Every structure is written in C-alpha cells, then in structure tokens.
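>>> compute the structure for the input listed below.
(chains A, B, C and D)
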There are 4 protein chains.
Amino acid sequence: MLVVMQSDATPEQIERVSQVIRDLGFTPEPIPGKTRTAICVLNNPGAVDPNHFVGLPGVKEAIRVSKPYKLVSRETHRDGTVIRVGQAVIGGGELAVIAGPCAVESEQQALTIARKVKASGASLFRGGAFKPRTSPYSFQGLGEKGLDILVRVREETGLPIVTEAIDHEVCDLVEEKADVIQIGARNMQNYTLLRRAGRAAKPVLLKRGMSATIEEWLMAAEYILNEGNRQVILCERGVRTFAVHMRNTLDLGSIPVVKKLSHLPVLVDPSHAAGIREFVAPLAKGAASVGADGLMIEVHHEPEKALSDGPQSLLPEEFDRLMKEIKR
Amino acid sequence: MLVVMQSDATPEQIERVSQVIRDLGFTPEPIPGKTRTAICVLNNPGAVDPNHFVGLPGVKEAIRVSKPYKLVSRETHRDGTVIRVGQAVIGGGELAVIAGPCAVESEQQALTIARKVKASGASLFRGGAFKPRTSPYSFQGLGEKGLDILVRVREETGLPIVTEAIDHEVCDLVEEKADVIQIGARNMQNYTLLRRAGRAAKPVLLKRGMSATIEEWLMAAEYILNEGNRQVILCERGVRTFAVHMRNTLDLGSIPVVKKLSHLPVLVDPSHAAGIREFVAPLAKGAASVGADGLMIEVHHEPEKALSDGPQSLLPEEFDRLMKEIKR
Amino acid sequence: MLVVMQSDATPEQIERVSQVIRDLGFTPEPIPGKTRTAICVLNNPGAVDPNHFVGLPGVKEAIRVSKPYKLVSRETHRDGTVIRVGQAVIGGGELAVIAGPCAVESEQQALTIARKVKASGASLFRGGAFKPRTSPYSFQGLGEKGLDILVRVREETGLPIVTEAIDHEVCDLVEEKADVIQIGARNMQNYTLLRRAGRAAKPVLLKRGMSATIEEWLMAAEYILNEGNRQVILCERGVRTFAVHMRNTLDLGSIPVVKKLSHLPVLVDPSHAAGIREFVAPLAKGAASVGADGLMIEVHHEPEKALSDGPQSLLPEEFDRLMKEIKR
Amino acid sequence: MLVVMQSDATPEQIERVSQVIRDLGFTPEPIPGKTRTAICVLNNPGAVDPNHFVGLPGVKEAIRVSKPYKLVSRETHRDGTVIRVGQAVIGGGELAVIAGPCAVESEQQALTIARKVKASGASLFRGGAFKPRTSPYSFQGLGEKGLDILVRVREETGLPIVTEAIDHEVCDLVEEKADVIQIGARNMQNYTLLRRAGRAAKPVLLKRGMSATIEEWLMAAEYILNEGNRQVILCERGVRTFAVHMRNTLDLGSIPVVKKLSHLPVLVDPSHAAGIREFVAPLAKGAASVGADGLMIEVHHEPEKALSDGPQSLLPEEFDRLMKEIKR
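Numbering: from 1, shown residues only, chains lettered A, B, ... in the order given. Below is the predicted model:
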C-alpha cells in the first residue's frame, strides 16, 4: 500500500496518516518527493484496505500494491490445479469439453443429445434443471425432475453431469445428484451460494459475471476455496460492453491473464458469448488456441423447439465437425 | 415481433417462418419489401421470444416490438405508485431521503448517526447488518445483532428502517424486523431472493445491477410484483463503464427513462456511485434536479473508523448542509 | 512513479531498474517490503513514462503517481478560467447557454431559431456548417456557405457564434468567421486539429470523446494550451457504455471531477446524450445542479424537417420553458 | 424501416407518419396489431434515417431493417476482396503478417528489426513515422525522415511498408513513399482523412476505433470505398471496456462477424490489445484460429530503449517462435 499525499499536505497530515498506519499494526515509511510525499505501508501481512486512508485530510490517493486474494493465487500454489471428475480431467494440458443442451427438457431429449456429444468426444454433459431467466414468464427449468433425468443420462452414458445451482438450497440437490456444481454469471457474487458451494464435496464451475473484473472473479473463487473446497473451475462466457454484434463480448484475453494469476483451470463458453449458432465454432477454436483448459458448448438436436437458447445451440453434426477441427 | 428475412430467402423459408408463427397460435403477416421480406407477428397477447425465429434458415433478425414487462409498466398503471412507510412517503412528488451508515457497527454508532440525520430531515434510516463484500476477508456485518440495533434505532427515533437481505433466508429476518427490504446490486438477478421478496408484506428497495439495462432492471422488479408485492422502489446507484474517475458511472439519464416506462418510484444513491465523499453532494443535487423521487445517502460521524465505505460517507454536518441546499 | 518488483525479484533485477532510473536522470529509492520491494522514482521534473520499466525482468507494475498534464491542471492555476466572447461569459459562476440547430440549413432557418433562443436567454448561438457524419451518404453541412449564414446571424442578433471545425483547413475558415471553434467528440484526439486550434486567436470548445477518460480529455486540452491558446472550454456530451436507453450515457459525475482537476470551464450538451427530445430538459436541469458552467442545447423550430438530429432538438417553446425553469 | 406507433396513437398521428413517408418518396404500409400499429416503409432504395420519425407525435420507435452500408457489404460483393502489395497477399485464405516496431527510431533500428522479421516470415514491415500520442510531451515520431528510413528498409529487404497517416496532408507523403496507408484507431472517424485515403492509389489499413461498433467501422470503410479506393484492409485492435487486465479488450468475435457482413479482409493487432509482451502470443494464436486474414505485430530488438510501446513489443526471438507455432 502506498498512500500518496497532496502536494500541499502539511506535516501534521502526514503524521496523522502515519499514525493510522501504526494503529493498524503496520509500519509507515514516508518517502519525500520533489512535489509530494508518499507513505509506504510496510510489515502488513496481507492486503490493506485503501479506505483507511482515502478521505483523510491531505491524502490524494491510496494505491494498492498487493493482490487481495491468496488461496487462488499462483503465488501460493505454483502448479496448475487438475480436477478429475469420473473419467474427465480438467486442467493439466488436455482440452476438456462439456457439452449438452441449455436446459433439460425431457429424458428423451437429454439422452439423445448426450449420446451424440459423447460419440463426438465430449467428456462431460451439461444441462440446466434450474434456469435463471431474465423474465418470470420464461421457462424456469424442470427442477428436481430435471436432475433425475441427468442422473439417468450419467447412468446410461457414463458422462459426469454439470448443472447449475441457483441458490444455496438448490445446491443441496445439485451436490447430491450431479458431479460438478455450476454457478452462473448472475450469481457470481451471491456470497451465500458461494459459501455453500465451498462446503460441497463436489467441484464447482464458476462463471465470470457479466461485468466482473478478473480480480472480482478470482475473489468469488476465493470465497469457495476459503470454505475448504479447492476444486474450482473458472469459466469465461463473455462480458457486457457497448458492442452489439454478439450477445456478449468474449474476452479471450482473460484466459492467459487468469492462467498467470491463478492456478485454477479456466474454460470458455463460446455459446453464451455468441448468442447465435454460426459464431460458436470460430470462438471455440479461438478459445482453444488462446490456452483455455476446455470448452463448454451448447448442443441441441432440435434447436428450433428448444425451450431456451435454441439459436445458440450447435446441431450435433456441427458439434461433431467442430470437435474434429479442434483435435487437429 | 418482426421477423426480417435475408434478401435471398426462398418462399419456402418464408412459409416455414409463417408456420412457426401459426404453431405458436399467432398470425403471420408477410410484408414484401424491395430487397427483403419481413413477417409481422400479429395477435400475440404478450411479448414473443425472438429465439423462436433466430437461427431458422433464411432469417436475418427477429426484432421485438413490445416490451417484455407488464406489471411494472406505466402502460398498465398510468399513475405513479406512492409507497408509505411509517411517516415517510416515497413517490408522488416529494423527495424522500434515506440516510445512515453503510454498515451497522454498534448501537451507539447507529443511534448517534440516526439522531443527526433525523435532525437534518432524513425520513428513513439505512444501515447494513448483512453486508455482501467482494472479499471473504472483509467485515461481513453484525448479522442478526445488527438487525436488533436497527430495531432500537427505530424505537428511539421513529425512523423506518431500510436494510439489505442478501439471500432468501436472511429475507425472513429482514422482513420481520425492518421496514423496507433492500436488494443490492449484486443480487438484482438473484431470482430466488426476488421471489421471496415478492411474497413479503414489506416494501422492497431494488438497486440496479452493476451492468443491468433498464429492461433487465424492470424485469427484476417484475419478478417481485408477479409474486404479489406491488411495493417496489427502484434505486439507481451507478453502472460499470470504462470510466475510472468515480467508482461507478452514475447514470442519471436512467431516471426520466424509468419514470416514463414504469409507475414505480425511483431513487438515486450518489454515495456508491461517487465512492468518495467530496463528489456525493454534487451528484445528489443533480439527482434531485433530474427528477428522482428520493436519495439514499451514506452518513458516518467517524468515517475514518468505519468498517466499510468510510471514504464515501458524508459527515453529519456535510449531510445537513446538503439537505439545506436541496430544500432550497 | 513507483516501480513494484515481483516477490521473487533478485537483487540484480532491482539494481537494473535503479540503473534505468539513474540513466533517465532521476533518483531511485528502493523500499524493501515484507513480500516485495518497491522502488520510488524521485527528482523527476514531470510524469515518467511507465513503459521504461514495464517488461524489465522482475518488474511487476509501474504505478504513476503524478498526473501527466500540467497547463490544464488546477495545481498550476488555482482560479477557474473565465472566457469572454462578446457579451457572453463562460466560467466564473454564471450558467452560459449555447443554443441553436444541429446544422445550419438556410439563412431563414438559422435566423428564425437565433431570434427565438436569444429571446429566451441564450448567450451564444450554435449551428454546424461542416458536419461529421457516420455515413458518407448523410447531409454533410452547407460548408463555407453555412459559415456565411452564421456571420449574418451574429450581425443581426449580436450572439457570438460557436461552430465546428472538422479538420485543420476548415479551422482556418472557422477561426476567421466564427467566435468559438468547436472540436467534436470524434476529433478529440485529432492532434493535427488540436495543434491548429492551439494556434488560433479564438476560444476552443472541446467535446469529450465517445470513450475518453477524464485524463485523455484533459490531455487533449493540454495539446491546445501547449500551443499557446489558453481559452479552452470543455464539454461533456455523454459516453458510450452498454446502456441503450439513451443515445449516450451522460456522465454528470465528470463535472465535479473536472472542476477539481482543472481550471477550465466545463459545459454539458444534454441533446447529444439524450438523442430524443423529451429527455433533454431533465438532463439539462441535472447538469446545472451538478455544477456545470453552462449548457449547449439543440433547438429547431421544425425538427421533423431538420437535416440532422431533429429528434433531439427542442422546440423553441420547450427551450423557453427550460430556460425559465433553470433560472429559478 | 418499421415505424412502431404508441399503443394510444390516434389515426391522425398514423396518417401523419404515412404522409412523411410519402413525402420522402417511399410507400407506407400500416400493419394494425393487437395493441399497436406499426408502419412499414416500402420502396426505399437504401437505408432510411430513423430521425425522420422519432419525435413525431404518437411514434414509439423507428426500427432500421436494412444496413446503412453498401459498397463494403458482402451482399453486393460475394467474394472476399484480396489485396496484393508487392509479394504480399492479404485476404483469400493465407495469413498475412505485418511486423515491425511501433515507431521508426533510426535507420539502424528499423533495418535490424526488418531483417529479423523477414527471416521469421513476416510479409510486410510496419513502423510509425508520424505518431499520434495522448500526450503532447511524448515522442511524436521522426516525421518525413522516418518515411525515408522506411523507404530504405523496403529497398534492402523488399518488404512492403505499412505506416500511419495522421492527417490528410501527411497522407500525401505516406501515399507517395509507403505501400499501405494506415489509419489509426483515433482517426477512424476523421472523415477528411478517410476521404483523402479514398482518393489514394495505395491500399488503406483501417483500424477499428476505441469504441466503434462494427457498423461504424464498416461505415468508415464505406467512406474510403465511396471515393473510389476499393483496397481496404480492416484491423481489429481491441476496444475499450470496463476490463482493466489488458490495455484493451480484444474483441475476437468481431472477426467472424465482419467476415460475414463484409467482403473486406480483416487483420488483428494483438500488440495494442495486450499492452504487455507476454500476452501477445496467446492473442495472436487465438486471432489466427478465429479466422483473421492476418496479424499486425510489434517487434523490437531493444524494447527497454524503445521510444514508444516497448513493453508490448515482442523480441525478435519471441516473434520467431510465434511464427513457427502459428504455421503449425
């Protein structure tokens, strides 16, 4: 932490800041400059809240030097985390592919799609049973019945199941029946849910929030790790910007940055970013090349009948073609 | 809904879209243009999901013409909603002011501030007992003990209490003890919480999400109204943009737009937008002039000791000065 | 400038950074911290480019402490700049109002509007003769003929003329014939034009770019002052964000920030932000309350026939009403 | 164009809109819906300006159906444009690589880098002689002397030269001496410069503006084509968003969208997006996989001494490694 004083700060104001630092148990080290003084905070064990200084008389800025996260940081855990779910491996150099429909609609629908994506090489199956929807009048998912369908999909295909928990109570059900607990973009800062997922015995897939910085995203993961669950998979799915040519702006630059800052594996969901089928495959290929640990892709055999997100779902044959191209 | 076909769409593709419209129970009306055909969807009772059409062969775009919300719309409820909480009135032409600390820290702190803001003319008291924090290592609020302090503040000052519910279980406590249930920006799309608040017997103050469009914000309110609770107060608190000169970009333009589209009252929180004390008063005055129904302002008598958001809290004397300026 | 080293930086890497600082003619002051060393740059006369350090082995970040602008800074010029143009005064506590059509369309149009806005209390007249348009097929302005019409407007009404220069050659004409040279948002970083305007003998109105930070906007003004022209008026006109409810997101928070950082007067253009007539008046009132030095408002007596920006132009009677409300 | 009326629009208001459409020479076709009437505009040869209708009494929205660009559109020119510059080919399936320093600093510097990037497989050389800089106090380029150095680089290496024109007069020099005229992000809407480039006999490389939509970017290209120059190369270089982990957010999703909408080739500049060396290679690989026609990459053999953008420049050996990885 560096507290930068205004150019006309008085010695009393500098001393007051130093005293606040001492009161916090740390050591102040004033650095007199040509036009202004800056005060370094030394001997602090972790990040110091800038709010202790901003607003004090004579203070211009408080600049944070250390990162606020610890458990997710690559500084504390050099090797990349590898997560194993059934036969699937996420992290460690392989490209894991999670595929399936946006929402589970029926046993027949889920099984049809699961068989096809498995044949094409997907290693996990996705499908929403509890759907967070912008409108209260939209299809909200089959709920627990949807989870039971997912269980049958796993029984038949052997694919581990990834499905979303939309609150801490639903998380109980998802932890019991599924293999990976997904936390959606809208819930990235639902701390009750994050803490609940942090006490689960299953891995958690944490999507980046609509306008989350990398730091906020890693801090959300920190909530989970801090409760004891080290099995966190991050997932970039596009962010909200002024650009309107796709549903979201896929921030592929986040991938190398996250991989540098954190040991957690990071996937890309090109389907939610594109919002429309024809752009999913190019984004998926870009994601693989930029260093993602895997992909999460929506697939539906009858997208025009899908109860949600049909337009962005690949047809099984398109998914199959994409998988072949990516393997090459 | 208007389905715009590509310039080279075939008659078969146009007929297929028309059939999908008929299958939904609506009436297609193709409009042949010079370069392309557009198909209007008629006789639909509410908004139609564009996803039924996007992705069909030959379809270029599906353009929504009607708004997806109903209960919050001014089209269905011409007069502005007025909400009464104790002596306080929100909506209807008066400027309601909610003031208090970011977090309840102690009974003495809360009472000290409450007496001062009441004397300056605030009509409701705010204070967080359950705090959603970006870091798991930050102060998370006093919890239920904080709620009890708020109850004592109300007993002594008569000011109704506004405090945040961070999940549906906390909402039970907040509904029982407070007067207005606040839903924070991070939870604007926490649908389990929205539904729970929609079944509460107390008014709900719904903050705009960090990157929510007006439509998404109104849809979140629609979730609450749709469960039966018509007492919803909206609150603009700044959005996330590229700009870094304040914590958030206060979107005062949202106020006249919301007031046109919806009958719900809308407040402005200049404290969270500014992030720093000295800019709170100008933003508050701008908010009052642009037509907001009220203000929500953080006040602390010892901001340098505040456990959260000290730098953006006004001192009681600054708040008093602001209240006098606004009344003029 | 503070150069923060990585936690595992070697003494050699620290020395190399120190040497780079000495080579630049400044003094390095290493501050060893618990987990990492930071090196302060001392005795530098102005801002140091962080690029000297970013990318050197062992360097984590280079944090700028001083602002890169000088001439526009309030630190070097405590009193607010006041600019006089004919009878009009911009800065110094009064609210200056510039009004007129988006584009000059004919002498009769310009004169009709000028007489009305003068009667309502506008102190300067605006009208575009050279229009920067997104489409090459849109009306591009009357050019020099438009400037001559503006001259006649000034002759008849006495109102000083504000009009846009779209490149350095057009700037010659505008400097000769108009009273204030406007530089539009799209040209905020057209440095050839900024330098040309910096050599003009007339004041310059510099609009904020579509996605300019406050620092970039002030740096653009610095270009003008650096050529010798101290008469710069800033103008906020909304920025581009994810929000779609208005054409641009009017960032009224920029006003108190600019007034703190710089001595230059700053206006607000609510017309380009709103994009639609009915929201202009609330934004104008908000702008006045937040501390702007003036307003720039589009007015047209026949907006449905306007060759550009008709929908956002106030009718003269609406403008008159707004002026009365603002005076109160 | 579809003009949507308010639900309570009167027959007179509908007729007035119809009359405006007829006055424009087009045909109105009202479509009465359940809750509101929409009026289609038929027989219009090109895009209609929504501003003719927005703001008329009873009008809710005017929705554009056709795109406003023509010459750049793939609808008018199915096959992708292929641009040949010396031995280099841009478009048509090959990956063209433009490499070189941000700024030309000396003949020796330019030649050293040019020899290396040529050896690694670059097909064009880049280097700025006229630099647009945010600060008037930063290095502004060697100017015409820099152009002469670039000429010598071409003479020795045979690599065609890409360099930026910062205004229409500089464009005369660049057209004369270089092979491709670059227009930078800050000048994407400098229409005088675009028109001048449109009259040049050399290809133009048009960078996307900092916050330009795809439509605005294509409209800027339309200005160039409309003056007669069909040789336009687009270049994505990242856009400005809330995200701070890189200098700009590289919008790789723009690539497949541009390739769908337009026949022009489109490159990616990962260097300006990353802002820091270590992220350039992953972004470059992502760009190649997402379908870009080429890359523009900054390379410097002594980045710590570079006069601009050193931290984002690859070392020649890093560039060589990247080229080998991309070829695979």
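
>>> quick one: the residue most central in space within chain A from residue D:128, how far?
Centroid-nearest residue in chain A: residue A:207, 3.1 Å away (criterion: C-alpha atoms, centre = their mean). Between residue A:207 and residue D:128 the computed distance is 40 Å (C-beta to C-beta, to the nearest Å). C-beta: built from backbone N, CA, C; applies to glycine.

>>> ok, the residue nearest to the centre of chain A to residue B:36 distance?
Residue A:207 is 37 Å from residue B:36, where distance means C-beta to C-beta.

>>> okay, strands next: where are they in the stretch 51-200 of chain A?
Here the stretch 51-200 of chain A has its strands, by DSSP state E, counting those that start in this stretch, at A:59-63, A:83-85, A:88-90, A:96-100, A:124-126, A:161-164, A:180-183.

>>> contact residues of the stretch 151-300 of chain A facing chain B?
Counting by C-beta under 8 Å from any C-beta of the partner chain, the positions of the stretch 151-300 of chain A adjacent to chain B are A:166-170, A:186-187, A:189-193, A:209-211, A:216, A:219, A:222-223, A:226, A:240, A:276-277.

>>> pass me the low-pLDDT residue ranges in chain A, would you?
A:34, A:45-47, A:65 (pLDDT under 70).

>>> which residues of it lie near chain D?
A:211, A:213-214, A:238-239, A:241-246, A:249-257, A:260, A:273-274, A:278-279, A:282-283, A:285-291.

>>> 7 Å instead, please
For chain A, the contact set with chain D under C-beta under 7 Å from any C-beta of the partner chain comprises A:211, A:213-214, A:239, A:241-246, A:249-257, A:273, A:279, A:282-283, A:285-286, A:288-291.

>>> show me which of those residues are buried.
Buried members of the residues of chain A next to chain D, scored by 16 or more other C-beta atoms under 10 Å in any protein chain shown, are A:211, A:213-214, A:239, A:241-243, A:245-246, A:249-257, A:273, A:279, A:282-283, A:285-286, A:288-291.

>>> I'd guessed residue A:266 sits against residue A:293; true?
Yes: using C-beta atoms under 7 Å, residue A:266 is in contact with residue A:293, at 5.8 Å.

>>> from the residues of the stretch 151-300 of chain A next to chain B, which would you call buried?
A:166-170, A:186-187, A:189-193, A:209-211, A:216, A:219, A:222-223, A:226, A:240, A:277.

>>> residues of the stretch 1-150 of chain A that sit close to chain C?
Counting by C-beta under 7 Å from any C-beta, the stretch 1-150 of chain A sits next to chain C at A:2, A:4, A:7, A:29, A:31, A:33-35, A:38, A:40, A:42-44, A:63, A:65-66, A:75.

>>> can you check the stretch 151-300 of chain A too?
Residues of the stretch 151-300 of chain A lying near chain C (C-beta under 7 Å from any C-beta): A:240-242.

>>> in strands, which of the residues you listed appear?
Of these, none are assigned to strands by DSSP state E.

>>> now these in TSV, with distance to residue D:19?
Listed next are those as TSV, based on distance: C-beta to C-beta, whole Å:
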residue	distance to residue D:19
A:240	40
A:241	40
A:242	36
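
>>> show me the helices in the stretch 151-300 of chain A, by range?
Using DSSP state H, counting those that start in this stretch, the helices found in the stretch 151-300 of chain A span residues A:168-177, A:191-198, A:214-226, A:254-261, A:270-274, A:280-290.

>>> scratch that, the stretch 1-150 of chain A
Under DSSP H, counting those that start in this stretch, the stretch 1-150 of chain A gives helices at A:11-23, A:107-120, A:144-157.

>>> residue C:89: which of the ones you listed is closest?
helix A:11-23 (36.4 Å; C-beta to C-beta).

>>> what's in contact with that closest one?
For helix A:11-23, contacts defined as C-beta atoms under 7 Å, 6 or more residues apart in numbering or on different chains pick out A:3, A:5, A:28, A:30, A:37, A:39, A:41, A:52-53, A:56-59.

>>> and residue A:79, how many neighbours does it have?
9 (other C-beta atoms under 10 Å in any protein chain shown).

>>> wait, it sits on residue A:262?
No: at 11.8 Å, residue A:79 does not count as touching residue A:262 under the criterion of C-beta under 7 Å.

>>> now residue A:276. Nearest residue, chain neighbours left out?
Closest residue in space to residue A:276, ignoring its immediate chain neighbours: residue A:311 at 5.4 Å, by C-beta to C-beta, 6 or more residues apart in numbering or on different chains.

>>> same question but for residue A:118, I mixed them up
Nearest to residue A:118 is residue A:157, by C-beta to C-beta, 6+ apart, at 5.1 Å.

>>> just checking, the one you found touches residue A:114?
Yes: taking contacts as C-beta under 7 Å, residue A:157 lies within contact range of residue A:114: 4.9 Å.

>>> overlap in contacts, those two.
Shared contacts of residue A:157 and residue A:114, counting by C-beta under 7 Å, 6+ apart, come down to residue A:125.

>>> for those two, indicate the residue with more neighbours.
residue A:114 (28 against 18).

>>> about what we covered before: show me which of the contacts of helix A:11-23 are buried.
For the contacts of helix A:11-23, a burial check counting by 16+ other C-beta under 10 Å picks out A:3, A:5, A:28, A:30, A:37, A:39, A:41, A:52-53, A:56, A:58-59.

>>> now those as TSV including distance to chain B?
Converted to TSV, these look like this (distance: C-beta to the nearest C-beta, whole Å):
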residue	distance to chain B
A:3	13
A:5	15
A:28	15
A:30	19
A:37	19
A:39	15
A:41	15
A:52	7
A:53	8
A:56	6
A:58	13
A:59	9
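
>>> closest to residue B:180 out of those residues?
residue A:52 (30.7 Å).

>>> distance check, the closest one against chain D.
From residue A:52 over to chain D the distance is 23 Å, taken as C-beta to the nearest C-beta, to the nearest Å.

>>> over to residue A:176?
Note on residue A:176: its distance to chain D, by C-beta to the nearest C-beta, is 36 Å.

>>> before we move on, back to that, so the residue nearest to residue A:276: helix, strand or coil?
helix (DSSP: H, G, I helix; E, B strand; the rest coil).

>>> will you turn the helices of the stretch 151-300 of chain A into JSON lines that also has distance to residue D:21?
Shown next, in JSON lines, are the helices of the stretch 151-300 of chain A (distance: least, C-beta to C-beta, whole Å):
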{"stretch": "helix A:168-177", "distance to residue D:21": "52"}
{"stretch": "helix A:191-198", "distance to residue D:21": "52"}
{"stretch": "helix A:214-226", "distance to residue D:21": "49"}
{"stretch": "helix A:254-261", "distance to residue D:21": "47"}
{"stretch": "helix A:270-274", "distance to residue D:21": "36"}
{"stretch": "helix A:280-290", "distance to residue D:21": "39"}
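
>>> give the contact list for residue A:127.
A:100-101, A:103-104, A:110, A:150, A:163.

>>> contact partners for residue A:149?
A:104, A:107, A:110.

>>> try it again at 8 Å.
Residue A:149 makes contact with A:104, A:106-107, A:110, A:127, A:129, A:142 under the criterion C-beta atoms under 8 Å, 6 or more residues apart in numbering or on different chains.

>>> now do residue A:188
Contacts of residue A:188 were listed using C-beta under 8 Å, 6+ apart, and they are A:206-209, A:212, A:216-217, A:220.

>>> ok, so of those residues, who is nearest chain D?
residue A:212 (9.0 Å; C-beta to the nearest C-beta).

>>> nearest spatial neighbour of residue A:35, skipping sequence neighbours?
Residue A:35 sits nearest to residue A:7 (C-beta to C-beta, 6+ apart), 5.0 Å away.

>>> residue A:162 contacts residue A:183, correct?
No: with contact defined as C-beta atoms under 8 Å, residue A:162 does not reach residue A:183; the gap is 11.0 Å.

>>> can you list residues touching both of those two?
residue A:205.

>>> related to what we said a few turns ago, and the residues of the stretch 1-150 of chain A next to chain C, which are buried?
The buried subset of the residues of the stretch 1-150 of chain A next to chain C (16+ other C-beta under 10 Å) comprises A:2, A:4, A:29, A:31, A:33, A:38, A:40, A:42, A:44, A:63, A:65-66, A:75.

>>> appreciated, that's everything.
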